[in-house]
Structure formats: structure tokens, C-alpha cells
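# pasting the sequence and the predicted coordinates here, then a few questions.
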Amino acid sequence: MNVADLAAENLTRATAAGLDPHEYQRVTTELTSADGWGQAFTRAARRHLVRAEQAASPISAGEHYQAAARWFHIATLGPYTDRAPAETQAAAEADAAMRRALEILEPGARRVDGPAFAGWLRGPADAPATVVVVPGLDSGKEEFHAVTSALLRRGLAVFTMDGPGQGSLAATTTVRPDYHQVIGQVVDALGVDRVGLVGLSLGGYYVAQSAAHDPRVAAATTVSGPFRLDWDAFPPPLRNILTRRAGGTRAARDFADRVDLSAPAPRIACPLLVVDGGQDDISGVTCGEPLARLAPRGEYLLVPYGDHLLGNAHADWLPAVADWMSEALGM
């Protein structure tokens with residue numbers, strides 16, 4: 001893929017993650033090849049670290065650390081190979097920058113780690129309900145700030161996480177189809193008896209599986225989540241990403257073969273909202289409409305012009321999802 005196509009493909013994802021669109025344009029315009037993606041975005045992230053150190057107020061410093069975390073995360077989306085050290089370093093720096101941001105901006109935020117997860121619990125200590133935000137194949141806890149912010153504004157506590165093969169854990173773990181067990185460990189660690197789940201991209205599959213297996217899931221939302229995967233139909237970039245995150249081609253194929261919600265969907269007892277974008281057309285990926293149809297309490301929201309993750313259409317689904325989740329949890 002040439003650099004112009006790579007920049008265009010990631011534009012809505014990057015800006016939805018909180019990157020300034022003009023800064024994104026400046027950084028990507030200066031690229032001469034896709035191979036320089038990681039270095040360019042890492043340099044941009046470190047410029048925000050410098051601004052944080054030089055900031056005239058703690059708020060400005062915290063905001064620059066947040067921006068740095070997001071730039072470091074988007075740096076990991078470049079064409080790396082074999083869990084390259086540069087990718088691992090960028091993910092670690094994203095994690096560290098977000099820690100510094102929350103220490104300043106949200107000192108009540110609590111780090112919660114387990115054997116197969118790491119993340120931040122944010123929001124009021126006495127929040128009546130907690131939502132876990134579950135990222136996808138190559139995303140992580142630093143990416144979905146808009147979703148997190150929308151839920152926090154409604155008085156919910158929010159746990160943003162990295163799980164196996166994601167974010168700060170990508171260097172030491174691989175994706176696993178029984179991710180619902182990890183979400184169960186998260187709920188145990190949070191010490192709550194019921195949660196809401198929001199899963200984005202592959203996180204939607206993880207969330208649906210969890211809703212089918214764990215009665216503590218009181219409400220669930222999937223956004224651009226797959227109902228089924230077909231390895232043989234995947235485009236090469238998706239094959240490459242899954243191969244890297246799974247630790248090899250055979251493991252990646254085996255993982256893809258197990259992603260099928262036909263059996264668990266009818267067992268989802270809680271309210272379920274499935275959100276798809278009409279322009280989200282990835283070869284080998286069956287989107288969420290069958291999940292909404294098969295789940296006993298499933299609802300379906302299709303945004304006709306939404307792309308994958310619907311970063312180009314936040315107004316059409318994000319407020320509605322946050323309101324739906326709040327109401328479903330009895331807020």
C-alpha cells in the first residue's frame with residue numbers, strides 16, 4: 001500500500017481517536033513511504049511530550065500527555081513485521097503517556113491489571129454502574145476516548161482495557177478466541193456484580209461472546225463487530241495483521257475459523273445493541289446484522305454512510321449508544 005492510501009484509510013480512525021486532523025495531514029503529507037509511518041507518528045507523539053513538559057499549567061500538560069498517548073497508539077498501525085521493537089516501544093510509550101495524563105487530569109483513575117489484561121478504571125467512585133470498553137484486533141485502551149468520554153459524561157464508571165494481543169500487551173500475548181474469559185477476570189477484579197460492555201471491531205465479537213457466557217453482563221453494545229470471519233476471503237492487510245497478532249499463520253487461521261456467533265447469539269439474554277456502518281465492507285467479514293436478529297433482545301442500528309468503527313459518523317450513533325447503555329443499566 002502506498003503512503004497516500006494508508007493515510008486516507010486511517011484518517012477517520014485517527015481523527016476519531018482524537019488526533020488533530022490538520023496535524024495528521026501535516027505528518028502524513030511529509031511521509032515518503034509507508035515504512036516511515038511508525039517513526040513519523042512517534043516523532044509527533046514526542047513533540048507533545050515536550051509540550052507537556054513545557055506547559056504553563058497542569059491542565060495543558062495533561063492534555064498534551066493524552067495527545068501523545070493517542071499519537072503513539074496510531075504509530076502502531078504502520079506496516080510493522082514480526083512484532084517489531086518499534087511497534088512494541090510505541091505501545092509502551094502510549095501506555096506511559098496515558099498514565100501521566102490521568103495522574104494530572106483524573107487523579108482518581110485507578111490502574112487495574114490482571115494476568116491477561118491491563119487498564120484504567122475512570123469515573124466517580126460511587127458510580128451506580130460500570131462499563132468495560134473492549135478494543136479490537138489492533139486497537140487498544142488509548143484509542144476510543146470519544147466512547148469513554150461519552151459514557152463518563154453520563155455518570156458511569158468506565159474501564160478501558162488492553163487484552164491478549166492488544167496495546168501494551170501485544171508484545172507478550174496473542175489474540176485468543178476465549179477472550180470472554182478475560183472479560184470475566186476483569187469483572188472479578190473490578191469487584192462489581194453487573195457490567196455493561198461496549199466492544200469495537202473485533203471487540204464486538206468478544207463482547208457478544210461474553211454476553212452469551214456471563215450472566216453479570218447486564219447490557220452490551222457492538223460497534224463494527226464481526227458476526228463471522230472467513231480467512232480465505234481476507235484481504236492481505238487483514239491477514240497480515242491477524243497473523244502478527246496471533247503469532248503465526250496457522251494460529252491466525254485457527255482463530256478466524258472460531259469467530260462465528262451463530263451458536264452463542266441466541267443465548268444472549270441481556271439487552272444488545274448492534275451498530276454497523278453501511279460502508280464497512282471488508283472481504284471475509286460478515287457484519288453484525290445477523291447477531292442483532294438472532295439475539296433475543298437484539299436491536300440494530302445501521303448508519304448507511306458509516307465506515308469501519310464509524311469514525312466518520314459519531315453524531316449518528318455515539319450519543320445514542322451512550323444514552324442506550326445508560327438506560328439499559330438503570331441510570
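Structure's in. What do you need? Nothing here was measured: the structure is a model prediction, and the numbers come from that model.

# endpoints of stretch 17-36, how far apart?
20 Å (CA to CA, to the nearest Å).

# my bad, stretch 241-254
Span of stretch 241-254 from end to end, CA to CA: 14 Å.

# for that stretch, buried residues please.
Buried residues in stretch 241-254, counting neighbours by 16 or more other CB atoms under 10 Å, are found at Ile241, Leu242, Thr243, Arg244, Arg245, Ala246, Ala251, Ala252, Arg253. Just so you know, the C-beta spots here come from the backbone N, C-alpha and C atoms, and that holds for glycine as well.

# right, and Pro177 touches Val259 too?
Yes: counting by CB atoms under 8 Å, Val259 is a contact partner of Pro177 at 6.7 Å.

# ok, these two, which is more surrounded?
Val259 (21 against 17; other CB atoms under 10 Å).

# what's the separation between the closest residue in space to the more buried one that isn't next to it in sequence and Asn240?
Nearest residue to Val259 in three dimensions, chain neighbours excluded: Leu229, at 4.2 Å (CB to CB, 6 or more residues apart in numbering). Per CB to CB, to the nearest Å, Leu229 is found 15 Å from Asn240.

# more neighbours, those two?
Neighbours were counted for Leu229 and for Asn240 using other CB under 10 Å; Leu229 has more, 22 against 16.

# could I get the contacting residues of that one?
For Leu229, the contacting residues are Ala256, Asp257, Val259, Asp260, Gly284, Val285, Thr286, by CB atoms under 8 Å, 6 or more residues apart in numbering.

# again, but for Leu238
Neighbours of Leu238 in contact, by CB under 8 Å, 6+ apart: Ile282, Gly284, Val285.

# give me the number of residues near Arg26?
Count around Arg26 with other CB under 10 Å applied: 12.

# and what of Arg111?
11.

# tell me how far stretch 4-14 lies from the chain's centre.
With CA atoms, centre = their mean, to the nearest Å as the basis, stretch 4-14 stands 17 Å off its chain's centre.

# what's that stretch in contact with?
1, 21, 24, 28-29, 31, 34, 37, 74, 77-79, 307-309, 311-312.

# returning to what we had before: of the contacts of Leu229, which is the most crowded?
Going by other CB under 10 Å, Ala256 tops the contacts of Leu229 with 25 neighbours.

# doesn't Ile241 make contact with it?
No: contact criterion CB under 8 Å: Ala256 and Ile241 do not qualify, at 11.5 Å.

# could you find the closest non-adjacent residue to Arg297?
Pro271 (4.9 Å).

# what's the neighbour count on the one you found?
22.

# swap in Ala269?
Ala269, neighbours per other CB under 10 Å, totals 14.

# nearest to Arg216 among the contacts of Leu238?
When the contacts of Leu238 are ranked by distance to Arg216 (CB to CB), Val285 comes first, at 28.5 Å.

# quickly find the element holding the residue nearest to the closest one when sequence neighbours are not counted.
Nearest non-adjacent residue to Val285, counting by CB to CB, 6+ apart: Pro226, 5.0 Å away. If you go by DSSP states H and E, Pro226 is not part of any helix or strand.

# and what of Gly18?
Per DSSP H and E, there is no helix or strand for Gly18.

# dihedrals phi and psi, Gly199?
phi -120, psi 130 (degrees, to the nearest 10).

# helices along the stretch 201-331 of the chain, start to end?
202-213, 236-246, 249-258, 289-294, 314-328 (DSSP state H, counting those that start in this stretch).

# farthest residue from the center of this protein?
Centroid-distance maximum for the chain: Ala56 at 31.8 Å, with CA atoms, centre = their mean.

# helix, strand, or coil at that residue?
coil (DSSP: H, G, I helix; E, B strand; the rest coil).

# quick one: it and Ala97, what's the gap?
19 Å.

# same check on Asp193?
33 Å.

# those two - which one has more neighbours?
Between Asp193 and Ala97, Ala97 has the larger neighbour count (other CB under 10 Å), namely 26 against 9.

# the more buried one is in contact with Leu49, isn't it?
Yes: at 6.8 Å, Ala97 counts as touching Leu49 under the criterion of CB under 8 Å.

# what touches both of these two?
Tyr65, Ala68.

# what about Pro237, neighbour count?
There are 13 residues near Pro237, going by other CB under 10 Å.

# kindly report the same for Arg176.
18.

# wait, it sits on Gly165?
Yes: Arg176 lies in contact with Gly165 (CB under 8 Å); the separation is 7.4 Å.

# touching stretch 322-331 from outside, list them.
Against stretch 322-331 from outside (CB under 8 Å, 6+ apart): 128-129, 131, 147, 150-151, 153-156, 194, 196, 198, 218-219, 221, 270-271, 273, 299.

# of the residues you listed, grab the buried ones for PyMOL.
PyMOL command restricting these to the buried ones, with burial defined by 16+ other CB under 10 Å:
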select buried, resi 129+131+147+150+151+154+156+194+196+198+218+219+221+270+271+273
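
# which residue is the nearest non-sequential neighbour of Gln66?
Using CB to CB, 6+ apart, the closest residue to Gln66 is Ala101 (4.2 Å).
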